[in-house]
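> using only what follows, build the 3D model:
(chains A and B)
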Amino acid sequence: MITAIREERLLVVSDIHLGNPLYRRRHRFVDFLRFARQNGYPVCINGDGVDIVQNSIARLRHDLRGCNREFAQFAARGLPIYYTVGNHDIVLEQFLDDWGVVRVAPFLNVDSGERRIRIEHGHIYDEMFVKYPRTYDVITVLGSAMLRVSPALFRATSILNTALVALGEWRHGSHRAADDAARLAEVIPGERPVTIRAAQEIAERGFDAVIFGHTHRAGQVELSGGAWYYNTGVWESDPYYAEIDDGRVTLRSVSSIAA
Amino acid sequence: MSVVERYADGEVIVRQGEMGREMYVIQHGAAEVVKSFNGRAVVLATLERGSFFGEMSLLESLPRAATVRAKGDTQLLVIEPGGLLLKIRRDPTFAFEMLQHMSRRIRDLDEQLMHLLNETERVESDTEVRISGVVKYRPEPAGESSR
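Coordinates of the predicted model:
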């Protein structure tokens, strides 16, 4: 299993949720893949690329059609596509590798230029996912059912999920810890201190940057020690991607490539 | 609270045979692993940024298996036995990387062992051929001709 790679250039996206009726930006993702391929960038899909937990098969078939054509052209050009699994596609780990289209990894340590960058979805630092798996499952199933009825109802479930996570963090005293992580999390609206703390912990093992997805909160913040944390957010109205070029990481809006 | 140590070029971080319970992760710089062999110092490996060492002493409470010295100015994250569990709890991918590293080391040792066994077998077989050659060779008695 690969976890360490060297790529001088790489584009990173996350949380596209292909197949999930809530996210309707599939064409933008195909545009993004085309842009990457035409400019010779390898791509890393940093978790929750294909939504296996909350999807509609019809939607998935529709969403994957254009992507598959692009994936095939990446392979023809010899450009790798890396896939670091998230909580909505963890079961795909078993199949994706065998299909031979993408290289699956639990996380990636990327050497680029003189810098080291960690790419990881970040769900394993989610209090709800790790500490309350049954509650998480119930909410996910509930969310899936809501999604079939209406995206608005699904959003209500998401708010419930966020509230429960906040409650969990409050119970564990995260709100009281006015530490660096809590202060830094405020730089990215809605970001959780627990995520920043995890990035900080990883960064101190000799990384210059840590790139997560999962929390759907795009942004960047400098961690104590000088490393940077980036989150590529979710593939919604104005999605972001991270560009790695000779070790430098830049968070860019997908709308900038369409221009 | 993380403990960080800094070493200058050539400075010894851990010494072969000495007791020590800490393991180290290279935050900046590099380190050389040196082992004493028949009175000579043999460089076994150069560890780059992000690599770790000293985990064998931490896990087994045994003396250091090799000497490690800084290669250039080097900054290290120091992890103590109690701190390792906390580190793994906060950064589980570190455990994954440690296991991956140890698995790779076992595979390398297996390959080296197989290589040594093959070499030994080849040398033994060569020696057998030479010995049998010597045994088969019977010099003719002096003064006698084959004709």
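
> just give me the neighbour total for A:A58.
The tally of other residues near A:A58 (other C-beta atoms under 10 Å in any protein chain shown) stands at 10. C-betas here are computed from N, CA, C, even on glycine.

> scratch that, A:R148
A:R148: 12 neighbours (other C-beta under 10 Å).

> likewise A:T250?
11.

> render the CA-only coordinates of the strand or helix carrying it in PDB, please.
Using DSSP states H and E, A:T250 sits within strand A:248-253. C-alpha atoms of strand A:248-253 as PDB (Å, rounded to 0.1, in the frame of the first residue of the first chain):
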ATOM      1  CA  ARG A 248       4.200  25.300  -2.500                       C
ATOM      2  CA  VAL A 249       0.600  24.800  -1.700                       C
ATOM      3  CA  THR A 250      -2.100  27.300  -2.900                       C
ATOM      4  CA  LEU A 251      -5.800  27.100  -2.300                       C
ATOM      5  CA  ARG A 252      -7.600  28.000  -5.500                       C
ATOM      6  CA  SER A 253     -11.300  28.400  -6.500                       C
END
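
> which residues touch that strand?
For strand A:248-253, the external contacting residues (C-beta atoms under 8 Å, 6 or more residues apart in numbering or on different chains) are A:113, A:115, A:117, A:209, A:211, A:218-220, A:228, A:230, A:232, A:238-243.

> got a quick PyMOL command for the buried subset of those?
To isolate the buried ones among those in PyMOL, judged by 16 or more other C-beta atoms under 10 Å in any protein chain shown, type:
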select buried, chain A and resi 115+117+209+211+218+219+220+228+230+232+239+240+241+242+243
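
> quick check: phi and psi on A:N39?
As for A:N39, its main-chain torsions (degrees, to the nearest 10) stand at phi -100, psi 10.

> that one and A:L10, how far apart?
In this view, A:N39 and A:L10 are 12 Å apart by C-beta to C-beta, to the nearest Å.

> which one of the two is surrounded by more residues?
A:L10 (24 against 10).

> so the closest residue to that one other than its chain neighbours, which of the three states?
Using C-beta to C-beta, 6 or more residues apart in numbering or on different chains and skipping residues adjacent in sequence, the residue nearest A:L10 is A:I244, 4.4 Å away. Here A:I244 is strand, with the state taken from DSSP: H, G, I helix; E, B strand; the rest coil.

> B:R21 too?
Assignment for B:R21 (three-state DSSP): coil.

> which helix or which strand is home to the residue nearest the centre of chain B?
Residue closest to the mean C-alpha point of chain B, counted by C-alpha atoms, centre = their mean, is B:L44 at 5.8 Å. Per DSSP H and E: B:L44 is located in strand B:40-47.

> would you list every one of the helices in the chain?
Just going to use chain A. Along chain A, the stretches classed as helices by DSSP state H are A:26-38, A:57-77, A:93-99, A:127-131, A:133-149, A:151-171, A:180-185, A:193-203, A:255-258.

> the chain in question should be chain B.
B:55-60, B:81-90, B:92-136.
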